[in-house]
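S.K.: Curious how this folds, go ahead:
(chains A and B)
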Amino acid sequence: MNSRLGRWVVSLPPTLFLLLFFVAPSLIMVVASFRFPGEYGGLAPLVEHGQWQLTLETYRFFFSDFIYAEIFIKSFGVALATTLICILLAYPLAWLIARSPKRHQDVMVLLAVLPFASNFLIRVYAWMIILGPQAALARATNSLLAVLGFEPVTLLFSPFAVLVGMVYVHLPFMILPLYTNLAKHDPALLDAAQDLGANAWQRFWKVTWPLSLPGIYSGSVLVFIPVLGMFAIPDILGGTGDILIGNLIKEQFLGTRDWPFGATLSLMLTLAVLVLAGLAAWLARRGVGRHA
Amino acid sequence: MRRNPLWLWVAALTAYAFLYLPLLIVVLYSFNDSRLNAEWVGFTLHWYSELFNDTGMLAAARNSLLIAVTASLAATVLGTLAGLAIHRYKLRILPVLAVTPVAMPEVLLGVSLLLFFNLVFRPWLGLELGLWSVIVAHITFCIGFVTIVVRVSLLGMDESIFEAARDLGATPWQTFRLVTFPLILPAVMAGALMSFALSLDDFVITFFTAGVGVSTLPLEIYSMIKIAVTPEVNAVSTVLMALTLGMIVLASRIHGKAFKSTGA
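M.R.: Take a look at the predicted model:
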């Protein structure tokens, strides 16, 4: 009797809280995507003249104009590019840390994630300064371009600035899982490969790289999914044409106030995330199965 | 131990530079005697005095602190319970409920709570968005982090200690109070600090759930960045970075002591 009581006391409060503030809002979102927009924004009444007011209009609208699919594709492109650049930047760093003497590793990891402890907006804002038109970087780039006979470029408020911001903010999410993976590799494997005549490149490509794939998969999930829904970075560093899914969703709820369409877009994003998470889980399982 | 090749050092140091240079530039310009973040003109503390006389910013800081303390306390209690429940009772739904809000893009939780508060709380309970809605939203996304940390620490424990406590006649409550809780305390504290930091840092979810009257530090910084960039942003950023750094040092000390006292 006592243990059953304990079970309820322990599990009920968090379950109820999350049912109320996570599950219920998600269900309301699903219903909202089938409702009509209100006259002054928001939602029209759910029941009017004794009839349920539900429609597939927002879904029809989404597929009627290619521009929405285009923004989804663009967001996937940005997320993919961010993930790849993060792998390129994080791999050498994580590898160096994992190969360093054990007593230095903790400090090196701490140094790599410490900038992440500063506020998210500050890290984005820093790039406004660096890429700004009066900053040294833009002036140097443009004088170089002038010498070569090209038109000057603006670095800030461009797709380039968005990509830089995305990489900067999400880099630690790639460094940590990669390091955790690389630190577990058995150095004896590399010695064995060397004894068998493998050169440095072969040792990396045939031993280290395939073993590090699970780390890359988990890092990629941690980078790709938040980037896919990110609205603040395009909002701050991008130009008017650089909007992504997140900006589109934000605009429906706070700008044009077309809530049903915003709910539809949110559901599409949720679906995309679920598919990606499933894919990553499958890849990770396959990778572990092959190398275990 | 293999020697690291030179190119690896160069690549890794480039990555470190990429991580630190932007923040150093923000700190540097917070002391620059110019309205523009361009050329170095001279040293000044003007932007700091401006910051500490900015009543809007100070009110936002107070709100941020109030939200972070309340939300992290509640999330720590609920997350610890969830971690214990998942570990002890092999539940199916609660693990998914606790971790999914952490794994989704933040904008999704933000807009679904915006809808929920506006469609349920406002018409039925007459509650306008405000501090309470931000606190509730922060609790929702912090629970998962505490749950994960507590669950991981429970996984690393030897089940026989709990059996020994039972064999010696301890009631479930005594087992929890005298054995389980002291053992998971470092994880609970780590979860609490993590929640506090995440709540203090959060922009996206706060942006959707704050309504019109309430501002937090990230919201204030956002509007400064969007509307008029002055070096006051650099000053507030520098102060925040110093505070965060101080908190990390403090946390690692507490954490170290907690580990020692439990013998873990």
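S.K.: from here on, contacts and neighbour counts on C-alpha atoms
M.R.: Fine.
S.K.: Tally up the residues packed near residue 97, please.
M.R.: If you meant another chain, say so; for now it's chain A. By other CA atoms under 10 Å in any protein chain shown, 24 other residues sit near A:I97.
S.K.: nope, chain B please
M.R.: A count of nearby residues for B:L97, using other CA under 10 Å, gives 21.
S.K.: next one: A:D106
M.R.: Here the number of neighbours of A:D106 (other CA under 10 Å) works out to 13.
S.K.: Double-check that it belongs to a strand.
M.R.: No: A:D106 is assigned helix when assessed by DSSP: H, G, I helix; E, B strand; the rest coil, not a strand.
S.K.: and A:S266, what is it in contact with?
M.R.: By CA atoms under 8 Å, 6 or more residues apart in numbering or on different chains, A:S266 lies in contact with A:249, B:108.
S.K.: how far does the host helix or strand of it sit from the chain's center?
M.R.: Using DSSP states H and E, the element containing A:S266 is helix A:259-291. The chain centroid and the centroid of helix A:259-291 are separated by 12 Å under CA atoms, centre = their mean, to the nearest Å.
S.K.: before we move on, what about stretch A:256-272?
M.R.: The answer for stretch A:256-272 is 18 Å, by CA atoms, centre = their mean.
S.K.: re the thing from before, tell me which residues of the helix holding A:S266 come out buried.
M.R.: By 16 or more other CA atoms under 10 Å in any protein chain shown, the buried positions in helix A:259-291 come out as A:259-270, A:272-273, A:277, A:280-281, A:283-284, A:287.
S.K.: Could you do stretch B:151-170 as well?
M.R.: Of the residues in stretch B:151-170, those buried (16+ other CA under 10 Å) are B:151, B:153-154, B:162, B:165, B:170.
S.K.: what does stretch A:106-118 give?
M.R.: A:108-109, A:112-118.
S.K.: near chain B, from those?
M.R.: A:112, A:115, A:117-118 (CA under 8 Å from any CA of the partner chain).
S.K.: Skipping its backbone neighbours, what lies nearest B:G211 in space?
M.R.: B:L129 (4.9 Å; CA to CA, 6 or more residues apart in numbering or on different chains).
S.K.: So the one you found, which state does it fall into?
M.R.: coil.
S.K.: Tell me the residues on the stretch 151-264 of chain B that lie near chain A, please.
M.R.: So the stretch 151-264 of chain B meets chain A at B:172, B:201-204, B:218, B:221-222, B:225-226, B:237, B:240-241, B:244-245 (CA under 8 Å from any CA).
S.K.: A:R123: which of those residues is nearest?
M.R.: Closest to A:R123 out of those is B:S237 (9.2 Å), distances taken as CA to CA.
S.K.: does the closest one really touch B:L28, like I thought?
M.R.: No: B:S237 is beyond contact range of B:L28, at 11.1 Å (criterion: CA atoms under 8 Å).
S.K.: ok, the two, which is more surrounded?
M.R.: B:S237 (24 against 16).
S.K.: Please name the residues that touch that one.
M.R.: The contact partners of B:S237, by CA under 8 Å, 6+ apart, come to A:119, A:122, B:26-27.
S.K.: Just name the closest of the residues you listed to A:S218, please.
M.R.: Distance to A:S218 across these (CA to CA) is lowest for A:N119, with 23.8 Å.
S.K.: Number of residues surrounding the closest residue to the closest one other than its chain neighbours?
M.R.: Nearest residue to A:N119, sequence neighbours excluded (CA to CA, 6+ apart): B:D201, at 5.4 Å. A total of 21 residues lie near B:D201 under the criterion other CA under 10 Å.
S.K.: Doesn't B:G213 belong to a strand?
M.R.: No: assignment of B:G213 by three-state DSSP gives coil, placing it outside any strand.
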